[in-house]
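[1] okay, sequence plus prediction incoming.
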Amino acid sequence: MTGTIAVFRRELAGYFATPVAYVFICIFLFLSGIFTFYLGNFFERGQADLKPFFMFHPWLYLLLMPAIAMRLWAEERKSGTIELLMTLPVSLPAIVVGKFLAAWVFTASALALTFPVWLTASFLGHPDHGVIIAGYIGSLLMAGAYLAICACISATTRNQVIAFVVGVVVCFLFTVSGSPIVLDTLGAILPRAAADLIASFSFITRFGAILDGVIDLRDVVFFGSLMALWLFANAIVVDLRKAG
Amino acid sequence: MAMIEIDGLVKDFDGFIAVDDVSFTVERGTVMGFLGPNGAGKSTTMKMITGFLPPTAGRITVCGFDVWDRPIAAKRRIGYLPEGAPAYPDMTPRGFLEFCADIRRLSGADRAKKLDQAVDRIQLGDVLDQPIDTLSKGFKRRVGLAQAILHDPEVLILDEPTDGLDPNQKHQVRALIRAMAPEKAIIISTHILEEVEAVCSRAMIIARGKVLAEGHPAADGWQFGDLIAGPGRLDAVFRQITTGQAQGEAA
């Protein structure tokens, strides 16, 4: 536990050690604003809810989460500090969890800064706050799943650019697997059960269900177990490939 | 009691035998020098002792704890300066040492005292709040050293501790190692032969993963088996042992 906290604090401070964190938060807020107000027609819809805001989060995260997680392990490998870290008296799972939590908390703080959108909706009408809270929780869970995927990918390389690009590709697969384009194509060649299985891995489908205001335990378990699985894989990757 | 016990250590990197059946022990109060050409297996041996790389075969015990069965207990007792003295470039030495102190569960007055002591012994005071990225090579190495001695460990593993230091800094670091020697078991690797004479109480010449000779100071210099090197004459013996062996094998 002590080790996890120490790693967590170091990583979180690492985000803010350079202006990158602030730039990142600005980009996040700017893009989510554009998506909400222009693409999502927040005002024109005439409804006091945050659906147009949350709707684009999977696509936003698809690009931004790999950017947050790419340095987690790749940088340790590149600078050789992985050797230092792994010879300190702290267990590998504690390091993996500490790093992941730092990235997740950083994302949560960026997400928290979108509160003006919530205020706007409250000012203009009477939104269902329960649905909005569900949306935030769902968005955070989904972000955690993306981050866990990208943290694991970051552990496979010492090059942050590779970690980013591969991360985007894998996240893209998880994002679109439930979209009509993929399902129609797959439905034509695969048996129905297989297509359904692939669709069930879709972040958009899961997140969409939460956006309707119902936090189904199954969706929470889905994102939670996905995080656990990828972090477990992360630990295995680090253990197998320590040097280089 | 032997603080470091190594028995039949082997490291096989997919067919390349980096360390080949190495066994030795290091007692408290000993400064053991690893001497050898580049690629001899010195660093690989150190990486295994500190629990970074898993050995292919053999056992390593540090302060009575098997490094692979009880890694955390063993690592608590080890201070390690890895090859190249890696440190987080975006941190300051202060932040970096505090991070190490946190992971090593130092707290309260003890933490403050040990941090002060390490900074003082390594003389890092002037650069404590500069990002490590901006420090000179010598200071980076010293930050790594400060991290290694921070928790006053019983076992110190230092991979080329004076590499990149100027002559005065080298002198300081050697004095520091000598000062710490009585209550610790220390292993240093080096290819500077004078360093062995300056700080070590034992030395092993390693090449191609094998221990070729083991030496200790004698009445008239250093003694490696039958060979005796007079003061400042270690290089001749080193050449004889490392290259002579190669000729012997070829024949």
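    Happy to help now that I have it.
[2] show me the contacts for B:I78.
    A:87, B:49-51, B:62, B:153, B:155-157 (Cβ atoms under 8 Å, 6 or more residues apart in numbering or on different chains). Heads up, the C-betas are built off the backbone N, CA and C, glycines and all.
[3] got the residues of chain A near chain B?
    Applying Cβ under 8 Å from any Cβ of the partner chain, we find that chain A lies next to chain B at A:2-3, A:5-7, A:9-10, A:13-14, A:17-18, A:79-81, A:83-84, A:86-91, A:242-243.
[4] just the ones in helices from those, please.
    Among the residues of chain A next to chain B, the ones falling in helices (DSSP state H) are A:2-3, A:5-7, A:9-10, A:13-14, A:17, A:79, A:81, A:83-84, A:86.
[5] returning to that earlier point: only whichever of the residues of chain A next to chain B are buried, select them in ChimeraX.
    Selecting only the buried entries of the residues of chain A next to chain B in ChimeraX, with 16 or more other Cβ atoms under 10 Å in any protein chain shown as the criterion:
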select /A:3,6,7,9,10,13,14,17,79,80,81,83,84,86,87,88,89,90
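[6] and the ones in helices among the residues of chain A next to chain B, which two are furthest apart?
    Greatest spatial distance among those (Cβ to Cβ): A:T2 and A:S79, at 23.6 Å.
[7] CA atoms only: put stretch A:65-75 into PDB for me.
    Extracted in PDB, the C-alpha atoms of stretch A:65-75 (Å, rounded to 0.1, in the frame of the first residue of the first chain):
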ATOM      1  CA  MET A  65      -6.300   8.200 -23.200                       C
ATOM      2  CA  PRO A  66      -3.500   6.700 -25.200                       C
ATOM      3  CA  ALA A  67      -1.800  10.100 -24.900                       C
ATOM      4  CA  ILE A  68      -2.100  10.000 -21.100                       C
ATOM      5  CA  ALA A  69      -1.000   6.400 -20.700                       C
ATOM      6  CA  MET A  70       1.800   6.200 -23.300                       C
ATOM      7  CA  ARG A  71       4.500   7.400 -21.000                       C
ATOM      8  CA  LEU A  72       3.600   5.200 -18.000                       C
ATOM      9  CA  TRP A  73       6.000   2.400 -18.800                       C
ATOM     10  CA  ALA A  74       7.700   3.300 -22.100                       C
ATOM     11  CA  GLU A  75       9.500   6.200 -20.400                       C
END
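[8] shaky segments in chain B?
    For chain B, the stretches flagged by pLDDT under 70 are B:1, B:245-251.
[9] how about a cut-off of 80?
    Within chain B, the stretches with pLDDT under 80 are B:1, B:219-220, B:230-233, B:244-251.
[10] near chain A, which residues of it?
    B:47, B:50-53, B:71-73, B:75-76, B:78, B:80, B:82-84, B:86-91, B:95, B:99-100, B:102-105, B:147.
[11] if any of those are buried, put those into a ChimeraX selection.
    Burial among the residues of chain B next to chain A is assessed by 16+ other Cβ under 10 Å; the matching ChimeraX selection reads:
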select /B:47,50,51,52,53,71,75,76,78,80,82,83,84,86,87,88,89,90,91,95,99,100,102,103,104,147
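[12] re earlier: B:A218: which of the contacts of B:I78 is nearest?
    Of all those, B:A218 sits closest to B:L156, with 25.1 Å by Cβ to Cβ.
[13] is it true that that closest one touches B:A148?
    Yes. With contacts counted by Cβ atoms under 8 Å, B:L156 reaches B:A148, the gap being 6.2 Å.
[14] which residues do these two both contact?
    Contacts common to B:L156 and B:A148, judged by Cβ under 8 Å, 6+ apart, are B:79-80.
[15] what residue is smack in the middle of the chain?
    You didn't say which chain, so I picked chain A. By Cα atoms, centre = their mean, the mean C-alpha position of chain A lies nearest to A:A143, the distance being 2.3 Å.
[16] that's the wrong chain, I meant chain B
    Short answer for chain B (Cα atoms, centre = their mean): B:L158, at 2.4 Å.
[17] tell me the average confidence for the helix or strand hosting A:L231?
    Per DSSP states H and E: A:L231 is located in helix A:217-240. Average pLDDT, helix A:217-240: 94.
[18] for chain A, just list every one of the helices.
    Applying DSSP H to chain A gives helices spanning A:2-17, A:20-34, A:51-54, A:57-69, A:71-79, A:81-86, A:92-112, A:115-124, A:129-154, A:160-176, A:180-189, A:192-200, A:203-211, A:217-240.
[19] TSV please, covering those helices and showing distance to B:V67.
    Below are those laid out as TSV (distance: least, Cβ to Cβ, whole Å):
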stretch	distance to B:V67
helix A:2-17	18
helix A:20-34	37
helix A:51-54	49
helix A:57-69	31
helix A:71-79	21
helix A:81-86	12
helix A:92-112	14
helix A:115-124	50
helix A:129-154	27
helix A:160-176	30
helix A:180-189	49
helix A:192-200	44
helix A:203-211	42
helix A:217-240	15
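[20] relative to B:V237, which of these is closest?
    Closest to B:V237 of the helices of chain A, according to Cβ to Cβ: helix A:81-86, at 32.0 Å.
[21] let me have the contacts of B:I78 in JSON lines, extended by distance to A:G224.
    Listed next are these as JSON lines, based on distance: Cβ to Cβ, whole Å:
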{"residue": "A:T87", "distance to A:G224": "32"}
{"residue": "B:I49", "distance to A:G224": "39"}
{"residue": "B:T50", "distance to A:G224": "35"}
{"residue": "B:G51", "distance to A:G224": "31"}
{"residue": "B:V62", "distance to A:G224": "38"}
{"residue": "B:P153", "distance to A:G224": "39"}
{"residue": "B:V155", "distance to A:G224": "41"}
{"residue": "B:L156", "distance to A:G224": "43"}
{"residue": "B:I157", "distance to A:G224": "40"}
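[22] for those residues, which one is nearest B:T134?
    The closest of the contacts of B:I78 to B:T134 turns out to be A:T87 (Cβ to Cβ; 25.4 Å).
[23] now the residue nearest to the centre of chain B: which helix or strand?
    Using DSSP H and E, B:L158 sits in strand B:155-159.
[24] just give the nearest non-adjacent residue to B:G144, would you?
    In space, and not counting its chain neighbours, B:G144 is closest to B:A85: 3.1 Å by Cβ to Cβ, 6 or more residues apart in numbering or on different chains.
[25] for the one you found, give its distance to B:L212.
    Distance, B:A85 to B:L212, using Cβ to Cβ, to the nearest Å: 27 Å.
[26] how about B:D163?
    22 Å.
[27] do the same with B:G15
    Relative to B:L212, B:G15 is positioned 22 Å away (Cβ to Cβ).
[28] same question for B:G244.
    Counting by Cβ to Cβ, the gap from B:G244 to B:L212 is 9 Å.
[29] which of those two has more neighbours?
    B:L212 (20 against 13; other Cβ atoms under 10 Å in any protein chain shown).
[30] ramachandran coordinates for the more buried one?
    Dihedral pair for B:L212: phi -90, psi -30, per degrees, to the nearest 10.
[31] report the contact partners of it.
    Counting by Cβ under 8 Å, 6+ apart, B:L212 has contacts B:205-206, B:241-242, B:245.
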